[in-house]
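> predicted model and sequence follow; I will ask about them next.
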Amino acid sequence: MSETPIFKRKSSVNFSPKEISNEDIELIIKASVWAPSSRNRQPWRIIAIKKDSKKFNALIECMSSGNQSMAKSSGLILIFSTNNEKEFSPKTFLDIGFSGQNAMIQATELGLETHPIGGWDEESVKKVTDIPEYSKVAFLLIIGNPGDLSDLSDKLLEKHNKVRERNPLEQNFNYDEWGKNF
Ligand SMILES: Cc1cc2nc3c(=O)[nH]c(=O)nc-3n(C[C@H](O)[C@H](O)[C@H](O)COP(=O)(O)O)c2cc1C
């Protein structure tokens, strides 16, 4: 069986602050916007905050403390938010999720580490980046070159070494009907 690059992606805590080129950033964004979306509405709005941006530290401050500790060493944070449609459906978030997955796979292919996060204060994120009131922030994506493991705190090293797991397949998948192990 040949595995797709999807299997190389993982939520990493090991980032280096090395600069990520605009060329790489734009390829990641291009991959994001080529995601499928309901009626091709392309509801994602993406803001890139690079390490050298004056907004970088302010955005880090919006995160939960656990997320801050890993994100502060990264090189880039992408904010995925909804568009200007006043009433958005669950499909809006589904579409943005597809877009984010494309971003992670493309970044992984570029040799970068990624980590999506939901632990941040929405109002603070909006304030730092001028996101209008009608838009909803879906998630933040931390991206960076791989760091040096010897720079990680004990806590982050423990997270780094944690074995990644998935449910047994029959808990999430069945043919023909709702599975007895669902
Ligand atoms: C919407 C979303 C929000 C997440 N929020 C956080 C977060 O706030 N902090 C964190 O450390 N990981 C967060 N994660 C990462 C998950 O914990 C991770 O994807 C999961 O444990 C599976 O590990 P893997 O991505 O390495 O396969 C989030 C993932 C998703 C998709």
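Right, received. Where do you want to start?
> do any residues in the helix of greatest length in the chain lie close to the ligand?
Secondary structure assigned by DSSP state H gives helix 90-109 as the longest helix of the chain. No: shown here: helix 90-109 not in contact with the ligand (C-beta under 6 Å from any ligand atom), separated by at least 7.7 Å. Where C-beta positions appear, they are placed from N, C-alpha and C, glycine not excepted.
> centre of the chain to that helix, how far?
Relative to its chain's centre, helix 90-109 lies at 8 Å (C-alpha atoms, centre = their mean, to the nearest Å).
> can you check stretch 105-116 too?
9 Å.
> and it, how far apart are its ends?
12 Å (C-alpha to C-alpha, to the nearest Å).
> what of stretch 150-169?
Start-to-end, stretch 150-169 (C-alpha to C-alpha) is 36 Å.
> quick one: mean pLDDT over it.
In this model, stretch 150-169 carries a mean pLDDT of 97.
> and the helices in this structure, which stretches?
Using DSSP H, helices in the chain cover 22-33, 56-61, 65-71, 90-109, 122-129, 154-161.
> of all the residues in the longest one, which ones are buried?
For helix 90-109, burial by neighbour count (16 or more other C-beta atoms under 10 Å) applies to 92-93, 95-108.
> helices and strands around that helix, which ones?
helix 22-33, strand 76-81, strand 113-117, strand 137-146 (3 or more C-beta pairs under 8 Å, 6 or more residues apart in numbering; DSSP states H and E).
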